[in-house]
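Enquirer: No letters, just coordinates:
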């Protein structure tokens, strides 16, 4: 196969399922696509999976690349970006709910009355908090755990994480915002 074919010409051959054309594009752009993905995932195994998905999409696309709409490299990086985002979303969706120990749930403030309505109300709040945890990142969950369950101060957490206290405060603000949103949504259902 001639190495002098343009990207657009190679894509026309790929539409005809001419495998050497895909191999040529792969050789031309693998380093670019891989470096783009590895910056986003910071994980070699995930990056390989995404790169494979990108070139599979190039091979199987029905619409293909249209040179009138821009450069091939931009089209390829758009595909790469979209597949990477989809991968992150799927990964987040497939992450199991974070379990909160019963010991931690008991620590949620409330009276120790034996009133059935209060016991039920407290149980519902605990369930809502547990459901809301699925919308938090590992860093956010860790922050809540250390701050509310372990009793560390924001300064101590910043020191442990080796991060500025402003970053910790900002993370706490965002975490509480997410929890508030999802607990309120639960209560509104």
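Expert: Cool, got the structure. Because the structure is a prediction, the values reported are computed rather than measured.
Enquirer: what about this protein, any weak spots by pLDDT?
Expert: For the chain, the stretches with pLDDT under 70 are 1-3, 93-123, 125-126, 149, 184-189.
Enquirer: okay, now residue 36: neighbour count?
Expert: Look at residue 36: counted by other CB atoms under 10 Å, it has 20 neighbours. Any C-beta I mention is one placed from the backbone N, CA and C, and that applies to glycine too.
Enquirer: ok, and the closest non-adjacent residue to it?
Expert: Closest residue to residue 36 apart from its sequence neighbours, by CB to CB, 6 or more residues apart in numbering: residue 80 at 5.4 Å.
Enquirer: Contact partners for that neighbour?
Expert: Contact analysis of residue 80 by CB atoms under 8 Å, 6 or more residues apart in numbering lists 33, 36, 37, 50, 54.
Enquirer: again with residue 14
Expert: With CB under 8 Å, 6+ apart, residue 14 has these contacts: 21, 22, 25, 58, 59, 64.
Enquirer: Tell me the one among the residues you listed nearest to residue 92.
Expert: Residue 92 lies nearest to residue 58 out of the contacts of residue 14, by CB to CB, at 25.6 Å.
Enquirer: Next one: that closest one from residue 27, what distance?
Expert: 13 Å (CB to CB, to the nearest Å).
Enquirer: quick one, which of the two is more surrounded?
Expert: residue 58 (23 against 10).
Enquirer: Point me to the helix or strand that includes the more buried one.
Expert: Element membership for residue 58, per DSSP states H and E: helix 44-60.
Enquirer: Contacts made by that helix with the rest, please.
Expert: Counting by CB under 8 Å, 6+ apart, 11, 14, 22, 25-26, 30, 33-34, 37-38, 41, 76, 79-80, 83-84, 87 sit against helix 44-60.
Enquirer: Now which of those residues would you call buried?
Expert: Burial by neighbour count, 16 or more other CB atoms under 10 Å: within the contacts of helix 44-60 this picks out 11, 14, 22, 25, 33-34, 37-38, 41, 76, 79-80, 83-84, 87.
Enquirer: Which of those residues fall within strands?
Expert: Taking DSSP state E, every one of the buried ones among the contacts of helix 44-60 sits outside strands.
Enquirer: ok, those residues vs residue 144, which is closest?
Expert: Nearest to residue 144 among the buried ones among the contacts of helix 44-60 is residue 41, at 25.5 Å by CB to CB.
Enquirer: Need the nearest residue in space to that closest one, chain neighbours excluded.
Expert: Distances taken as CB to CB, 6+ apart put residue 47 closest to residue 41, at 5.2 Å, once the chain neighbours are dropped.
Enquirer: can you count the residues close to that neighbour?
Expert: Residues lying near residue 47 (other CB under 10 Å) number 21.
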